[in-house]
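Novice: 3D model of this:
(2 chains)
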Amino acid sequence: MPQDLLVDVDTLRTQVREKYRDVALDPYGEHHFHTGRPLAARLGYDQPTVDAMPDRAVESFAGVGNPFSLRRLRGGERVVDVGSGAGFDSFIAASQIGATGRVVGIDMTSEMLTKSRATASQLGYDHVEFREGLAETMPVDTGWADVVISNGVINLCADKRSVFAEIFRVLRPGGVLQFADIANGRPVPIEAMRDVDLWTG
Amino acid sequence: MLENSGFGQVTVGPAVDTFAGAIGESKARSFDVFGYAFLAHRP
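Specialist: The predicted structure follows:
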């Protein structure tokens, strides 16, 4: 692994996949973070919008903030959702951009992709698509996106510089990155930062 | 890191107590972990 990375990229990805497979398949099970409708309410999502969504669109939501709180999306925008999970934020985005826009969600966990695709079909969202891929190498054309969103995903990537470089690549000049993630107010000891179990737990 | 990656006009929203009441709350408290919204622009 590159010397400046704190944990092995593949080991971390395997653990993240396992964790979020559980969230996809057992959203009401025991997780170390909040999920679903209570979490959406805690994070300040627009309640009528969330209430109108079917349970399967919301129940596996496991974000850490609200990427729409600093800027509402505009009609017709093209949006990439990095680490789209079961699709909750992609569906929120779809409701804001309208039928003339487009959302492409990217995720690496097959159970999440299965769920998000089925929900998009249930909702009749022809302008939302989910693709399998990694945050560091997204299957999106250079300069395609007006906006990139993400929620609680970048902190789970070992090589954050590569992720931001990839987001920069898919955004058009003048494009916007609006995301939510966690940050720590106290320094984390280096030995804890090298403990891959702590990244997902 | 955002600015080093080429982004500008970076805005950070208020802290959100994402883990309050969750199983992972005590671990989050150990390092003052909160959720934030970020806004940045590609020049």
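Novice: dihedrals phi and psi, the closest residue to A:V9 other than its chain neighbours?
Specialist: Once flanking residues are discounted, A:V9 sits nearest to A:A158: 4.6 Å by Cβ to Cβ, 6 or more residues apart in numbering or on different chains. For the C-beta atoms, the positions are set from N, CA and C on the backbone; glycine is no exception. The phi and psi values for A:A158, taken as degrees, to the nearest 10, are phi -70, psi -40.
Novice: ok, now the one 3 residues further on?
Specialist: Per-residue torsions, A:R161: phi -60, psi -40 (degrees, to the nearest 10).
Novice: check it and give its pLDDT.
Specialist: We have a pLDDT of 93 for A:R161.
Novice: give me the neighbour count for it.
Specialist: By the criterion of other Cβ atoms under 10 Å in any protein chain shown, A:R161 has 14 neighbours.
Novice: where does pLDDT dip in chain A?
Specialist: Scanning chain A for pLDDT under 70 picks out A:1-3, A:197, A:201.
Novice: which residues of it fall in strands?
Specialist: A:78-82, A:102-107, A:128-132, A:145-151, A:171-184 (DSSP state E).
Novice: and those strands as CSV, adding mean neighbour count?
Specialist: Below are the strands of chain A laid out as CSV (neighbours: other Cβ atoms under 10 Å in any protein chain shown):
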stretch, mean neighbour count
strand A:78-82, 26
strand A:102-107, 27
strand A:128-132, 19
strand A:145-151, 26
strand A:171-184, 20
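Novice: burial of the residue in chain A that chain B sits nearest to, as a residue count?
Specialist: Nearest residue of chain A to chain B, counting by Cβ to the nearest Cβ: A:G185, 3.0 Å away. Residues lying near A:G185 (other Cβ under 10 Å) number 9.
Novice: if we ignore the residues flanking it in sequence, what's nearest A:G75?
Specialist: Closest residue in space to A:G75, ignoring its immediate chain neighbours: A:G98 at 4.7 Å, by Cβ to Cβ, 6+ apart.
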